[in-house]
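*Asks:* Build me a structure from this.
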Amino acid sequence: MRRRMPRIPEPEVMDEPLGAAAYARSDFSDVNQAFVDALLARVGSLKDARAIDLGTGPGDIPIRIALARPTWRITAVDASAPMLRFAREAARKSGVVGKVRWLRADAKHTGLSARRFDVLFSNSILHHITEADAFWEEVKRLGKPGAFVLLRDLARPASRAAARRIVERYGRCGPELMRRDYLNSLLASYTVSEVRKQLARCGIGALRVKMVSDRHWDVFGRLPP
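*Replies:* Numbering: from 1, shown residues only. The predicted model follows:
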């Protein structure tokens, strides 16, 4: 039986200015709105909530949530100063200044108070992180008992050739820099089986892990009460 390709880590922080600018200027509106729709469908009519985005990048997702749920108090965390500059500018243009708190911090060790958040979410952070257990321990620490969790990320393909086929299918129209980063992200991603083992080690194995497309998985559910 052929073994799946091993994970190839990539840099944890996207703080190179050209790379951050290319990412911030790319059009992820459809996939970001799909993520927001999935999150809001899971939390239902929750009106008064503290929410946190771990690895916010240029901030499009928390901005969309702030527009959809203006009573939520949202904290958006990223370790990249260039990404947060783009996020703050996007918030200004979207009219949500003051509705999102932007925090430069390591998502594995945010320094925020424990059991603070009702909703924890992230899109595409885990493939940047090699110490995945530390990240999940921080998720568990930050969330209130019973908090909603939704994280989405890429699933590592079985081979480099399979990863290249995904890039050709979904990223062929993008600039070469983004195509390269997309391939590297696929190679650095975790499988569903690996994520389930991470959650079990951290005592939050009740969260579900499910493939939701040919290249993405979701972790979703509630933290233990």
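
*Asks:* What is the distance between the lowest-mean-pLDDT helix or strand in the chain and the centre of its chain?
*Replies:* Among the helical and strand segments of the chain, the one scoring lowest on mean pLDDT, DSSP states H and E is helix 17-25, with a mean of 79. Here helix 17-25 shows a centroid-to-chain-centroid distance of 17 Å under the convention CA atoms, centre = their mean, to the nearest Å.

*Asks:* and the gap between the residue minimising distance to the centre of the chain and residue 152?
*Replies:* For the chain, the residue whose C-alpha lies nearest the mean C-alpha position (CA atoms, centre = their mean) is residue 123; its distance is 2.4 Å. Spatial separation of residue 123 from residue 152 under the definition CB to CB, to the nearest Å is 5 Å. Any C-beta I mention is one placed from the backbone N, CA and C, and that applies to glycine too.

*Asks:* Now for these two: what residues contact both?
*Replies:* A shared contact of residue 123 and residue 152, defined by CB atoms under 8 Å, 6 or more residues apart in numbering, is any residue touching both; here these are residue 35.

*Asks:* For residue 198, which residues are in contact?
*Replies:* 132-133, 136, 190.

*Asks:* Is it inside a helix or a strand, and which specific one?
*Replies:* Remark: residue 198 resides in helix 192-201, with elements defined by DSSP states H and E.

*Asks:* so after that helix, what's the next helix or strand?
*Replies:* Note on helix 192-201: by DSSP H and E, the next helix or strand toward the C-terminus is strand 208-211.

*Asks:* Name the residues of that following strand that are buried.
*Replies:* If you call a residue buried by 16 or more other CB atoms under 10 Å, then strand 208-211 has these buried ones: residue 209.

*Asks:* Quick check: neighbours of whatever helix or strand comes next after that strand in the sheet, parallel or antiparallel?
*Replies:* Using DSSP H and E, the helix or strand that directly follows strand 208-211 along the chain is strand 216-222. Strand 216-222 has these partner strands in its sheet, going by DSSP bridges: strand 143-154 (antiparallel), strand 208-211 (antiparallel).

*Asks:* Run through who's touching the last one.
*Replies:* Counting by CB under 8 Å, 6+ apart, the neighbours of strand 208-211 from elsewhere in the structure are 155, 192, 195-196, 199, 217-221.

*Asks:* can you do 7 Å?
*Replies:* Among residues not part of strand 208-211, those counted as contacts by CB atoms under 7 Å, 6 or more residues apart in numbering are 155, 192, 195-196, 217-221.

*Asks:* Return the closest of the residues you listed with respect to residue 93.
*Replies:* Nearest to residue 93 out of those is residue 218 (CB to CB; 29.2 Å).

*Asks:* mind checking how far that closest one is from residue 106?
*Replies:* When CB to CB is applied, the distance between residue 218 and residue 106 equals 23 Å.

*Asks:* The two: who's more crowded?
*Replies:* Taking other CB atoms under 10 Å, residue 218 and residue 106 do not tie; residue 218 has more neighbours (24 against 17).

*Asks:* Bridge partners for the more buried one, pull those for me.
*Replies:* Each beta-bridge partner of residue 218 is listed here: residue 152, residue 210, as defined by DSSP bridges.
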